[in-house]
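Student: Need the 3D shape of this:
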Amino acid sequence: MARRLYQVMHNSQRALTMWLGALIFFSILEWSKIENNFTSTYFFVTLQMPLFCLVMFGSYAMMSIGYHLFVLKDCNDAHDEIRQQIDEARKFLTSKGMKFDK
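Tutor: Residues are numbered from 1 along each chain as shown. The predicted model follows:
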């Protein structure tokens with residue numbers, strides 16, 4: 001199982017490296033052909049679109065996580081319930097002979 005996971009991860013890393021290498025190669029090739037209007041070519045925009053989408057998705061994910069952490073509410077009732085259960089367990093174990101450090 002671990003070996004299969006390693007092979008899958010290794011293959012995906014190799015594919016990512018090859019894709020990024022091809023992206024850099026074709027970007028340099030396009031840049032050498034078009035000196036002044038490099039960013040206005042359709043070829044450049046097509047090559048950069050997956051990278052742009054990845055960056056936009058990462059930005060959305062970080063904003064979403066940050067927003068939900070900001071609006072996270074405290075559960076005071078659950079805190080009180082857990083504290084009560086801990087006290088009950090401590091009393092029970094003390095009656096059985098267990099000693100606690102406070």
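Student: burial count for Asn76?
Tutor: 8 (other C-beta atoms under 10 Å). Yep, even glycine has a C-beta here, placed from its N, CA and C like the rest.
Student: average model confidence for the helix or strand that contains Leu20?
Tutor: Here Leu20, judged by DSSP states H and E, is contained in helix 2-33. The average pLDDT within helix 2-33 is 71.
Student: Centre of the chain to the strand or helix carrying Leu69, how far?
Tutor: Taking DSSP H and E as the definition, Leu69 sits inside helix 42-70. Relative to its chain's centre, helix 42-70 lies at 12 Å (C-alpha atoms, centre = their mean, to the nearest Å).
Student: same thing with stretch 66-78?
Tutor: The chain centroid and the centroid of stretch 66-78 are separated by 20 Å under C-alpha atoms, centre = their mean.
Student: Stretch 15-35 now?
Tutor: With C-alpha atoms, centre = their mean, you get 26 Å for stretch 15-35.
Student: got a list of contacts for the helix or strand that contains Arg83?
Tutor: Element membership of Arg83 [criterion: DSSP H and E] is helix 76-95. Identification of contacts with helix 76-95 by C-beta atoms under 8 Å, 6 or more residues apart in numbering yields Phe100.
Student: list the buried ones in that helix?
Tutor: Neighbour counts over helix 76-95 (16 or more other C-beta atoms under 10 Å) mark no residue as buried.
Student: okay, that helix in PDB with CA atoms only?
Tutor: Only the C-alpha atoms of helix 76-95 are listed here, as PDB (Å, rounded to 0.1, in the frame of the first residue of the first chain):
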ATOM      1  CA  ASN A  76     -19.800  27.600  25.900                       C
ATOM      2  CA  ASP A  77     -22.400  25.000  26.600                       C
ATOM      3  CA  ALA A  78     -20.200  22.200  25.300                       C
ATOM      4  CA  HIS A  79     -17.300  23.600  27.300                       C
ATOM      5  CA  ASP A  80     -19.400  23.500  30.500                       C
ATOM      6  CA  GLU A  81     -20.600  20.000  29.800                       C
ATOM      7  CA  ILE A  82     -17.100  18.600  29.200                       C
ATOM      8  CA  ARG A  83     -15.800  20.400  32.300                       C
ATOM      9  CA  GLN A  84     -18.700  18.700  34.300                       C
ATOM     10  CA  GLN A  85     -17.800  15.300  32.900                       C
ATOM     11  CA  ILE A  86     -14.200  15.700  33.800                       C
ATOM     12  CA  ASP A  87     -15.100  16.600  37.300                       C
ATOM     13  CA  GLU A  88     -17.400  13.600  37.600                       C
ATOM     14  CA  ALA A  89     -14.700  11.300  36.200                       C
ATOM     15  CA  ARG A  90     -12.200  12.800  38.700                       C
ATOM     16  CA  LYS A  91     -14.500  12.200  41.600                       C
ATOM     17  CA  PHE A  92     -15.200   8.600  40.500                       C
ATOM     18  CA  LEU A  93     -11.500   7.800  40.000                       C
ATOM     19  CA  THR A  94     -10.600   9.400  43.400                       C
ATOM     20  CA  SER A  95     -13.200   7.100  45.100                       C
END
